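**Student:** sharing a model prediction with you, sequence too.
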Amino acid sequence: MASPSPSPSTASLSTSTSSSTIEPLTLCAASGQTLIPGLPDDIAVVILASLPYSHQSRLRATSRSWRAFLSPRVLLPLRRSLRLPCRHLLALFPADPSITPPCLFDPAAIAWAPLPPIPCSYQLYGLSNFVPVAHGHHLYVIGGSQFDARSYPIGHPIASAAAHRLDLTASPPLFWNRLADMNFARGSFACVSMRRSEDENDEGRIIVAGGGSRHSMFPLEGSRMRSVECYDVQSGEWSMHKGLPRDRAGCTGLLVRRDAGEEEEFWVMGGYGDYRPVSGVVPADVYCKNAVVLGLRSGKWREVENMWEEGERRRLGVVAGLDGEDGQVKEIFMLSSNEIFRYDFSLNRWIKESNLRRKISSNSSCGFVGMNGELYVLTTSIQISDATDQRRALKKRLTLEIQIYNPQRKKWRFLTTSPPFNHTPFNHPVDFRTSVTCTIRV
């Protein structure tokens with residue numbers, strides 16, 4: 001007997017998705033279930049695939065078909081096959097991720113999704129200056145500086161070589177996997193994720209450069225280094241690369257390719273290298289005015305001259321890059337005080353772009369990231385609810401205030417939300433000088 005021909009909806013869906021993605025839908029069809037009653041499955045697939053990441057975990061309990069379809073391992077590859085527009089999520093690490101769990105923020109849905117904490121150690125504590133980076137649908141936490149209860153003197157920071165990875169496509173509950181340690185322990189370093197090449201066996205790499213052992217509580221202590229390492233996602237091993245021209249720590253890394261056909265470049269900007277004594281006793285950092293660039297095709301470093309003149313500014317501000325559809329940075333912006341600057345590649349200078357609509361005091365800290373073609377300026381504050389009844393205690397609520405700037409339209413908009421870590425010891429605003437943020441594309 002000839003097998004029945006597939007329905008139009010099934011045929012259209014099969015042309016745009018893989019067999020592994022269709023399997024849960026095939027099981028639903030065999031049991032007589034549909035994703036959304038009254039709608040063809042191909043239309044229901046597009047609707048459900050467009051749901052925000054933060055809402056998917058709650059909607060899986062709606063039905064068996066939704067539970068099978070909304071599995072991250074099925075849904076995230078399906079979004080790519082349907083060519084749905086990529087959305088950026090903000091990963092916020094307010095403190096040591098082994099103590100305070102990080103969380104994801106979806107600005108499109110104004111919703112949060114908590115992430116599990118990194119497995120803690122009984123001897124190591126106070127992780128700071130680590131670097132989170134997204135590679136595909138994986139989130140990495142690499143390096144940092146921390147304290148070791150077994151070392152002497154107690155309270156002297158040491159660098160960490162540890163690396164952890166979280167797979168966002170795994171079935172819940174999510175957990176962090178410990179990866180191979182770096183060859184050199186480091187914190188406060190430049191780091192970028194490089195996408196896979198045309199080789200099918202290449203799953204991409206992560207490159208780290210510079211850094212040292214400085215901790216946020218001891219800004220005048222610590223070391224500096226120039227070593228560069230690459231992590232191969234396929235083999236899970238770290239390999240050494242040609243080092244920086246000179247020692248540099250506290251720097252920012254960006255993967256830049258401005259025009260199609262040009263060589264991809266790894267830009268290392270800002271940070272501090274050498275130090276000089278003040279009054280012959282107190283060491284003071286000498287901040288870097290230049291940048292060093294690694295050509296990923298040539299494998300050679302080149303040095304970019306000073307980006308600002310003497311007396312123009314003391315150090316580089318917070319840097320964020322805006323990437324294009326290919327995920328690579330096209331433009332670089334800097335937040336300095338209450339002003340946003342755009343980096344001009346041809347002039348090698350920072351050109352003023354705009355002023356913040358809501359001024360930030362010099363005592364406050366703020367975060368600065370680029371997502372979805374816009375720049376996000378993050379600040380936190382404590383809001384106290386009005387208690388008309390004297391018998392009721394005042395409730396404190398941590399609020400994240402976001403100023404969003406669109407460089408193309410030259411317009412600002414504002415967003416306010418409450419992060420989900422009010423139950424932690426955060427009875428005060430988040431200090432973005434020690435907290436860490438990164439973005440991930442889904």
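**Tutor:** Sure thing, it's come through.

**Student:** where does pLDDT dip in the stretch 151-300 of the chain?
**Tutor:** 155, 196-202, 215-222, 260-261, 277-283 (pLDDT under 70).

**Student:** ranges for the strands of it?
**Tutor:** 158-159, 163-167, 176-178, 190-194, 205-209, 228-232, 237-241, 252-256, 265-269, 272-278, 282-287, 291-295 (DSSP state E, counting those that start in this stretch).

**Student:** reformat these as JSON lines; add distance to residue 101.
**Tutor:** From N, CA and C alone the C-beta is placed, and that goes for glycine too. Output for the strands of the stretch 151-300 of the chain, formatted as JSON lines (distance: least, CB to CB, whole Å):
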{"stretch": "strand 158-159", "distance to residue 101": "24"}
{"stretch": "strand 163-167", "distance to residue 101": "11"}
{"stretch": "strand 176-178", "distance to residue 101": "11"}
{"stretch": "strand 190-194", "distance to residue 101": "22"}
{"stretch": "strand 205-209", "distance to residue 101": "23"}
{"stretch": "strand 228-232", "distance to residue 101": "24"}
{"stretch": "strand 237-241", "distance to residue 101": "27"}
{"stretch": "strand 252-256", "distance to residue 101": "25"}
{"stretch": "strand 265-269", "distance to residue 101": "30"}
{"stretch": "strand 272-278", "distance to residue 101": "31"}
{"stretch": "strand 282-287", "distance to residue 101": "32"}
{"stretch": "strand 291-295", "distance to residue 101": "34"}
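
**Student:** those strands: which one's closest to residue 367?
**Tutor:** Nearest of the strands of the stretch 151-300 of the chain to residue 367, taken as CB to CB: strand 252-256 at 13.4 Å.

**Student:** show me how this protein divides into domains.
**Tutor:** Following automatic domain parsing, the chain resolves into domains at 8-81, 118-315.

**Student:** now residue 413. Nearest residue, chain neighbours left out?
**Tutor:** residue 404 (4.9 Å; CB to CB, 6 or more residues apart in numbering).

**Student:** same check, this time on residue 175
**Tutor:** Counting by CB to CB, 6+ apart, the residue nearest residue 175 is residue 116, at 5.7 Å.

**Student:** cool, and residue 319?
**Tutor:** Nearest residue to residue 319 in three dimensions, chain neighbours excluded: residue 252, at 4.7 Å (CB to CB, 6+ apart).

**Student:** what does residue 212 give?
**Tutor:** residue 249 (3.9 Å).

**Student:** on that earlier part again, distance to residue 375 added to the domains of the chain, as CSV?
**Tutor:** Compiled in CSV, the domains of the chain are given as follows (distance: least, CB to CB, whole Å):
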stretch, distance to residue 375
domain 8-81, 21
domain 118-315, 14
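
**Student:** could I get the CA-only coordinates of stretch 41-57 as CSV?
**Tutor:** Extracted in CSV, the C-alpha atoms of stretch 41-57 (Å, rounded to 0.1, in the frame of the first residue of the first chain):
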residue,chain,number,x,y,z
ASP,A,41,0.9,23.6,12.0
ASP,A,42,3.1,25.7,9.7
ILE,A,43,1.5,28.9,10.9
ALA,A,44,1.5,27.7,14.6
VAL,A,45,5.2,27.0,14.3
VAL,A,46,6.0,30.5,13.3
ILE,A,47,3.9,31.9,16.1
LEU,A,48,5.4,29.7,18.8
ALA,A,49,8.9,30.1,17.5
SER,A,50,8.5,33.9,17.9
LEU,A,51,7.8,33.7,21.6
PRO,A,52,10.4,35.3,23.9
TYR,A,53,13.0,33.0,25.4
SER,A,54,11.9,34.1,28.9
HIS,A,55,8.3,32.9,28.4
GLN,A,56,9.1,29.5,27.0
SER,A,57,9.7,27.7,30.2
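
**Student:** show me the shaky parts of the stretch 1-150 of the chain.
**Tutor:** Counting by pLDDT under 70, the low-confidence segments of the stretch 1-150 of the chain come to 1-33, 72.

**Student:** how about residues contacting stretch 99-112?
**Tutor:** For stretch 99-112, the external contacting residues (CB atoms under 8 Å, 6 or more residues apart in numbering) are 52-55, 87-94, 113-117, 120, 125, 132, 371-372, 376, 400, 402, 404, 415, 417, 419-421, 424-426, 440.

**Student:** what residues sit buried inside that stretch?
**Tutor:** Residues of stretch 99-112 classed as buried by neighbour count (16 or more other CB atoms under 10 Å): 100-107, 111-112.

**Student:** would you list every one of the helices in this protein?
**Tutor:** Assigned by DSSP state H, the chain shows helices spanning 8-16, 19-30, 41-49, 53-59, 64-69, 72-81.

**Student:** could I get the buried residue list for the fourth one?
**Tutor:** Same thing as helix 53-59. 53-54, 56.

**Student:** distance to residue 180 added to the residues you listed, as TSV?
**Tutor:** Below are those laid out as TSV (distance: CB to CB, whole Å):
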residue	distance to residue 180
53	28
54	31
56	31
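
**Student:** tell me the one among the residues you listed nearest to residue 143.
**Tutor:** Using CB to CB, these come closest to residue 143 at residue 53, 26.5 Å.

**Student:** how about residue 203, nearest residue that isn't a chain neighbour?
**Tutor:** residue 233 (4.1 Å).

**Student:** I'd assumed residue 207 was in contact with that neighbour.
**Tutor:** No. Look at residue 233 against residue 207 with CB atoms under 8 Å: they stay out of range, at 11.7 Å.

**Student:** phi, psi of the residue lying closest to residue 173 once chain neighbours are set aside?
**Tutor:** When the adjacent residues along the chain are set aside, residue 173 lies closest to residue 116, with 6.9 Å between them (CB to CB, 6+ apart). For residue 116, the backbone dihedrals are phi -70, psi 150 (criterion: degrees, to the nearest 10).

**Student:** show me what contacts residue 116?
**Tutor:** So residue 116 contacts 101, 166, 173-176 (CB under 8 Å, 6+ apart).

**Student:** where's the residue nearest to residue 175 relative to residue 104, distance?
**Tutor:** Relative to residue 104, residue 116 is positioned 12 Å away (CB to CB, to the nearest Å).
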